[in-house]
Every structure is written in structure tokens, then in C-alpha cells.
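A.B. asks: I would like to see how this sequence folds:
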Amino acid sequence: MREFVCIVCPRGCHLQIDDELNVTGNSCKRGEIYAKNEVTDPKRSVTSTMRVINREECVVSVKTVPEIPKDKIFDVMDEINKTMLKAPLKIGDIAIENVANTGSNIVVCRDID
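C.D. replies: Predicted structure coming up:
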């Protein structure tokens with residue numbers, strides 16, 4: 001039996017899941033889905049910053065869209081840290097496509113003129 005605190009909504013239900021993927025402790029269906037995904041295929045959003053080369057001491061916030069497999073976080077961060085962007089940048093611009101072969105993109109979260 002594994003135990004989790006659900007992070008899908010503010011309730012923070014204490015979930016238990018057994019080897020047959022039976023979930024207890026959830027107040028809604030989203031908690032059950034979260035627990036099953038956490039056991040079978042855990043995913044995370046990665047937020048970070050990337051350097052902007054044509055702006056002095058400038059970085060821009062970025063995130064993964066959609067979430068990536070948890071075991072790929074370090075690979076994704078390696079690519080983020082190696083890549084530099086060039087302004088101008090707009091919210092939603094793709095900074096890195098298919099980052100670390102995850103099928104997810106690194107997306108810019110702030111405008112840089």
C-alpha cells in the first residue's frame with residue numbers, strides 16, 4: 001500500500017493505493033486518477049529560467065507544456081541550461097521543441113522586448 005497527498009485541488013486528500021490500483025481516501029474522481037497516474041506514470045511540470053543573450057543580465061521564465069515524465073527532469077534541465085534565447089520573446093513562444101524527446105515543449109512565460 002502506498003500513500004499520497006493529492007495535489008490536484010486544495011483539499012489535499014490523503015490517498016492510499018494498493019497493488020491492484022484500488023484507491024481510497026479520495027473525495028473526487030480526480031484524486032483517484034492522480035493516484036493511479038502517480039503509481040504507473042508519474043509526470044511533473046518543470047519551471048525554470050533561460051538566458052537571453054542579447055539582453056544584459058536577462059533571463060526569461062519558461063515551463064514544460066505538457067508535463068513530462070518524472071524520470072526525464074534532469075535531461076530536460078540539461079537542455080534548458082545549455083540553450084540561450086534571443087529577444088524579442090512573447091508569452092507562448094516555443095523555446096525548445098520536443099525537449100529531451102519527451103513530446104513536450106519548453107514555452108516562454110513572459111514577454112521580453
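A.B. asks: By residue count, what's the longest helix in the protein?
C.D. replies: helix 29-40 (DSSP state H).
A.B. asks: what helices or strands is the helix or strand just after that helix leaning on?
C.D. replies: Next helix or strand after helix 29-40 toward the C-terminus (DSSP states H and E): strand 43-44. On a contact count with 3 or more C-beta pairs under 8 Å, 6 or more residues apart in numbering; DSSP states H and E, strand 43-44 meets strand 68-69. All C-beta atoms are positioned from the backbone trio N, CA, C, and that covers glycine.
A.B. asks: As a check, name the ranges of all strands in this protein.
C.D. replies: Under the criterion DSSP state E, strands of the chain are mapped to 2-5, 14-17, 23-24, 43-44, 47-52, 58-65, 68-69, 84-85, 94-96, 105-108.
A.B. asks: Could you tell me how many residues sit around the closest residue to residue 11 other than its chain neighbours?
C.D. replies: Leaving out its chain neighbours, the residue that sits closest to residue 11 by C-beta to C-beta, 6 or more residues apart in numbering is residue 27, at 5.7 Å. Applying other C-beta atoms under 10 Å, we find 13 residues neighbouring residue 27.
A.B. asks: List the beta-bridge partners for the closest residue in space to residue 49 that isn't next to it in sequence.
C.D. replies: In this structure, residue 49 finds its nearest non-sequential neighbour in residue 59, 4.1 Å apart by C-beta to C-beta, 6+ apart. The residues listed as beta-bridge partners of residue 59 by DSSP bridges are residue 51.
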